[in-house]
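K.L.:
Output the structure for:
(chains A, B and C)
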Amino acid sequence: MPKWAMVIDLDKCTGCEACVVACKAENNIPFSDPEQAALGRSIGWIEVMTMIEGEYPQVKTRFIPRPCMQCDNPPCTKVCPVFATYKNEDGLVAQIYERCIGCRYCTNACPYTVKYFNWFEPSWPTEMQRSLNPDVSTRSKGVVEKCTFCHHRLQKAKEVAKAEKRDLREGDYVPACVQTCPAAAMYFGDLDDPQSKVRELSKNSRAFKLLEDLGTEPKVIYLTEGDWYGARKS
Amino acid sequence: MQAMNRREWIKLTAGAVSGLALSSCTDRKLVPITSFEEDWPDYAEKWIASACMQCEGGCGVLARVVDGGVVKLEGNPLHPINRGRLCPLGQAAPQLLYNPDRIKTPMKRVGGKGANKWVKLSWDEAIQTIADNLTDLRQKGEPQSLVVFDGARRGLMQNLVQRFCDAYGTPNHINTNQPDGMTLAHDLAQGLREPFAYEFEKTEYVLSFGCGLLDGWRSPVGVARAYGYLRQERPGAKAKIVQVERRFSTTAARADEWVPINPGTEGALALGIAYVLIREDLYDLEFVREYTLGFDDWKDEQGVTHMGFKTLVLRDYRPDDVSGVTGVAVDTIIRLAKEFAHSKPGVAIADANATSFSNGTYTALSIHALNALKGNIDLPGGVLAEEPVPFKPLPEIKPDAVAERGVTMPRIDSGQGTTLGLLASPLEMAAANIVSTKPYPVRVAFFYNSNPLFSTVLESRLGQALDSVPLVVSFSSFLDETAQHADLILPDHSFLEKWQDSIAPPLSGTPVLSIAQPVIDPLYDTMHTGDFLLKLGAAIGGTVADALAWGDFKELLKFSVEGIYEAERGAVFSELSDEAYLREMQQRGWATNEFSSYDEFWEQLVAKGGWSGLYHSYGRWGKVLNTPSHKFEFYSQRLKGELETRARLNGKSVDGVLEDLSVESRGDTALLPHFEPIKTRVSDSDYPFFLNPFNSLALASATAANLPWIQETAGDHVGVKWDSWAEINPATAAELGIEDGESIWIESQRGRLKTKAKLHPGSMPSVVSVPSGLGHKALGRWAKDRGSNPNSIIDVDHDGLSGLPVWFSTRVKIYKA
Amino acid sequence: MIASSSGKSIAQPIAFNHKKHVVENELECSACHGLFQTSAHAGRPTTDTCILCHETALTKSPEEEKVRQYAERGEQIPWRRLFKLPPHVYFSHQTHVVSGQVECKSCHGNIADSTSPPSKPEIKLTMARCIDCHKSRRVSTDCLACHR
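P.N.:
Residues are numbered from 1 along each chain as shown, chains lettered A, B, ... in the order given. A predicted model of the protein is given here:
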């Protein structure tokens, strides 16, 4: 089985938010209104976290795009009472919306805060419903949703490969955020494939993972030349 | 099927939490009720190449069209600007196309002007009404009373508007996208009134004077690609990016070094750097000697001695003096100069962020002078001038006597006989002249792709002007601030519904033409404004109709593009390997026409999304040094000529004109790059802060504020959604007793606005920064009354020399709301 | 139960006779459902497709005349969907029919033999039915394989 992984090069990232908006467009993510947003109820499966440090004029801003880490040892799945979230056979942390009861145990268990509760009933003006992605369902109020590494794209890529009677190739399956990244700061592929770009980059001396000490074994790997809050680097 | 709610469901599964096996899914009782798809859509899916028109960047897109709906845009992988990638605005384009606030039919005003009450109108009625009005004006011999405010980007729509104006007989084709100071510097020093092109991929050192490289400048995706490449992909030495800016922008944050600088002193810093280069012989002696005018002291043909740039710089811009003005440490000035000098190649760049001050033209000249000292004009990685797209020229028009006379009338925004605007025509002048009906009254005004009542500081003046024009026509897709003052609104298609071309802003010397084709049929009863102008021309008849004899804009586009086919250079977008091959062949002088007919070329051009010039020929001195001396002119003869012309027209001396234009220096200095302090109208103690209305990528599109995804993400870096904010230095805020997130008033002499304080350690203590692009009073449900528009309190002021508006020197005070 | 849970009977705009087309005239399913071998969706026959054969009357059936009336008005025939899936189910015809070699009738029953449009699906598609088939064919029963 492939080990799908994302590599994000923070040295290239410009914090432009293209990944964030691409994800919203691809995954039918409902938009908030100002009131809901003020309550912290906006949903963004990937978000650009921004850390501003230092004092004038010695200031530093760090942008860190943060999708679901698709942990190999996910804390969120262990607390789900209904098997709505689990690690699937592709190694992806799935969220089955129709099973989810909205208890939000998983949102609390996730140390990366990538699980989002639908506080309001998603709705789109009639005109905008034409632009919903038919490959992805819309969720309802009261369930938790999250980044799937655009799993529907994997499904489609597998179908194409199967129809062409071949294995998946590098580049067949790429999540929307990675595809759009203007600075080409995001990479995606199979960590177990010795030829893959993500494998090569994961061995880079700049590589680190977020909160690795928790034992979550994230499959999102970051690259940076600098220090990252004492993160372990090889 | 038995109904079950979630509560019952959880009861049922309680106790079986850990053992919940997959097979239990199969119990039909456990499946909750859901809605079912009732209709049977046609799921046929297509990917269609087009171009993004959210900003001027001209990225290529592939639109995913499912069941007739556009569900996603991806970048066109073949497009040389964006190579398959898109920015947040491009990704948000479906929210523009399917925006519920789009105007769906032509509309006519009922009730008073600006009352914002409308009734539907047919296109035939609309065309007839306007044609009647315009024909009437021509019969009266007053075609100049038509003014077209045109925000078209680079491409054929501009040509069509110009042609319409020429054939109709008005000189008043007013481009609302004014050139920036750097373009004027290009003109004054090199005789080219066009934006500089840069090749970041080949550059080793980028000395940016506030240029918003990662803040929405030109083609944001193209720049981001170059940035990523410079950061981690380019083999060999890494490029260094230095951002000199009064705000800790995204560009500053992602640069190698941020140099905060006192607002409006960028030119002084450039000259301080020039001082070090000259003093330490770190400039390109050969280039300066062979290809420049006015570096050393010199004698003209009359034997008059003129001061050279060198003398001026060594006299006035010692680093310690410059440090006092700019707030940049002496050590830093010297270090930057040396780094810049030793980089191969390095460029000094800027945009309106540094030049929109009262001293902006001289600032631009001073910054560009660094490129001349470095001798990197039209060299790889240096400062280039882009080659034009070889469109086939439109056939010459044969205007009738009315039109011929009309176009020779003075423009309504002309600064002639006034004290304003030697090099560009300020919109303010148009507004003032419309109100005063001098030199003639304006009867009809068109607004295409522009919303100056929001995007300029002239809201009330322009509003007043418009209300005095009998027929105002807006082609806006939204009821924006300007459209609300119109009499007729004739909505254009959205960009995914129409034929368009877009010449990408120069990112290298190589031209890139994107072709946008409709990816779906128009959703509403809208019309391509190009088609409208052609129909209008036909309705007016006579020589106007003759000049506009294309059936629709697509025909005009296809006509013009044939010139590219005939030029047999460049290539339709293609795979990198094919592109490399074609480039190699053409550089060796081979024509590489791969198509058997123009129709085949056109078909491929549309299918692939456009055409690129493939490569740039460097060192075309004859072309890029287009001045009277055929040299780079430190001493600008072009500026001298303009001043003398104005002096003659106004019956004044050159010194008198300089005084009118609020230029302090006289004599040779006035024609050389130099620094003049910016003018402030108020005292520091009353208004201690500079208001900095900054540009950002997210809000680079005029309608961005009505896109919910943009409202949700534009302020993410400071934790704000759906609102404006003001970046304030934490120590400053502490002195004022303002806490993070608190509501504050920002007050200028002109007015005040309310927003949220965001304490930001990257804020200079003397500067408060507010994003531009929010705070609409109209436009749509998501834009209206969200945030504050800094334009509403910015002083109406100009760089006297250029006539371009000043954006960044408004002084304000801040207090808790 | 997955498909057609609403239980309402479905009336088609035209009394289409599958048997006449598929059995008597030996048309392939793909003649009208043009997408099922290459896409997730089977494809709804467009009026244009019908008109390929029915541009001039082949029979005296008033139902056939309706086809031409739709075509004249430039309208699509508003075929109703008989086999419906809830929006959270992802199902690909291509994967099942081409890669999995599942026969149409495994899910759609004897629709090809019907002489008038059935008002209800002959086979009720339940999740249990899907899972059984997946298990017997040893293909994935991962939730994400079908749920989106």
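
K.L.:
Please count neighbours and contacts with C-alpha atoms only from this point.
P.N.:
Will do.

K.L.:
Count the neighbours of residue A:227 for me.
P.N.:
Counted by other CA atoms under 10 Å in any protein chain shown, the residues lying close to residue A:227 total 11.

K.L.:
now it: how far from chain B?
P.N.:
From residue A:227 across to chain B, the span is 16 Å (CA to the nearest CA, to the nearest Å).

K.L.:
so where's chain C shaky on pLDDT?
P.N.:
By pLDDT under 70, the weakly predicted segments of chain C are C:1-7.

K.L.:
In contact with the residue of chain C found nearest chain A: list those residues for me.
P.N.:
Of all residues in chain C, the one sitting closest to chain A is residue C:88 (5.3 Å; CA to the nearest CA). By CA atoms under 8 Å, 6 or more residues apart in numbering or on different chains, the residues touching residue C:88 are A:98, A:136-138, C:147-148.

K.L.:
What is the nearest of those residues to chain B?
P.N.:
The nearest one, if we look at those relative to chain B and count by CA to the nearest CA, is residue A:98, at 7.3 Å.

K.L.:
Next, that closest one: secondary structure please.
P.N.:
coil (DSSP: H, G, I helix; E, B strand; the rest coil).

K.L.:
That one: neighbour count?
P.N.:
19.

K.L.:
now swap in residue A:187 and tell me
P.N.:
23.

K.L.:
And residue C:74, by the same measure?
P.N.:
11.

K.L.:
can you check the one 10 residues further on too?
P.N.:
For residue C:84, the number of neighbouring residues by other CA under 10 Å comes to 19.

K.L.:
any idea what it is structurally, helix, strand or coil?
P.N.:
Assignment for residue C:84 (three-state DSSP): coil.

K.L.:
Would you check that residue A:59 makes contact with residue A:51?
P.N.:
No. The pair residue A:59 and residue A:51 does not pass the contact test of CA atoms under 8 Å, sitting 10.4 Å apart.

K.L.:
of those two, who's got more company?
P.N.:
Legend: neighbour count by other CA under 10 Å for residue A:59 and residue A:51, higher for residue A:59 (17 against 12).

K.L.:
residues of whichever helix or strand that one is part of that come out buried?
P.N.:
Taking DSSP states H and E as the criterion, residue A:59 maps to strand A:58-66. Residues of strand A:58-66 classed as buried: A:59-66 (neighbour count, 16 or more other CA atoms under 10 Å in any protein chain shown).

K.L.:
ok, which stretches of the chain are helices?
P.N.:
Since you didn't name a chain, this refers to chain A. A:18-26, A:34-38, A:75-78, A:105-109, A:151-163, A:176-180, A:197-202 (DSSP state H).

K.L.:
Wait, chain C was what I had in mind.
P.N.:
C:18-19, C:29-32, C:47-54, C:62-72, C:93, C:104-108, C:127-136, C:143-146.

K.L.:
Which helix or strand lies directly C-terminal to the longest one?
P.N.:
Sequence-wise, the next helix or strand beyond helix C:62-72 is helix C:93, with elements assigned using DSSP H and E.

K.L.:
Is any residue of that following helix near chain B?
P.N.:
No. Between helix C:93 and chain B, judged by CA under 8 Å from any CA of the partner chain, nothing touches; the nearest distance is 12.2 Å.

K.L.:
how far does that helix sit from the chain's center?
P.N.:
Relative to the centre of its chain, helix C:93 is centred 10 Å away, using CA atoms, centre = their mean, to the nearest Å.

K.L.:
Repeat that for stretch B:728-737.
P.N.:
So, by CA atoms, centre = their mean, the centroid of stretch B:728-737 is 33 Å from its chain's centroid.

K.L.:
how about low-confidence regions in chain A?
P.N.:
Looking along chain A with the criterion set at pLDDT under 70, you get A:234.

K.L.:
Nearest residue to the middle of it?
P.N.:
Against the mean C-alpha coordinate of chain A, by CA atoms, centre = their mean, the closest residue is residue A:67 at 2.6 Å.

K.L.:
hmm, back to that, the buried residues of strand A:58-66 also near chain B: which ones?
P.N.:
Residues of the buried residues of strand A:58-66 in contact with chain B (CA under 8 Å from any CA): A:59-62.

K.L.:
if we can go back for a sec, can you tell me which residues contact the residue nearest to the centre of chain A?
P.N.:
Residue A:67 neighbours (CA under 8 Å, 6+ apart): A:45-47, A:114, A:147.

K.L.:
Which of the residues you listed fall in strands?
P.N.:
The strands, defined by DSSP state E, take in residue A:47 from the contacts of residue A:67.

K.L.:
What is the most widely separated pair among the contacts of residue A:67?
P.N.:
Using CA to CA, the two most remote members of those are A:47 and A:147, lying 10.5 Å apart.

K.L.:
before we move on, the earlier item: export the contacts of residue C:88 to a markdown table and tack on distance to residue B:590?
P.N.:
Output for those, formatted as a markdown table (distance: CA to CA, whole Å):
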| residue | distance to residue B:590 |
| --- | --- |
| A:98 | 63 |
| A:136 | 50 |
| A:137 | 53 |
| A:138 | 55 |
| C:147 | 56 |
| C:148 | 54 |
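
K.L.:
from those residues, which are also near chain B?
P.N.:
Near chain B, by the rule CA under 8 Å from any CA, you find residue A:98 out of the contacts of residue C:88.

K.L.:
Now the two most distant members of the contacts of residue C:88.
P.N.:
A:98 and A:136 (13.2 Å).

K.L.:
Which residue is the nearest non-sequential neighbour of the residue in chain A that chain C sits nearest to?
P.N.:
Relative to chain C, the nearest point of chain A is residue A:137 (5.3 Å; CA to the nearest CA). Closest residue to residue A:137 apart from its sequence neighbours, by CA to CA, 6 or more residues apart in numbering or on different chains: residue C:88 at 5.3 Å.
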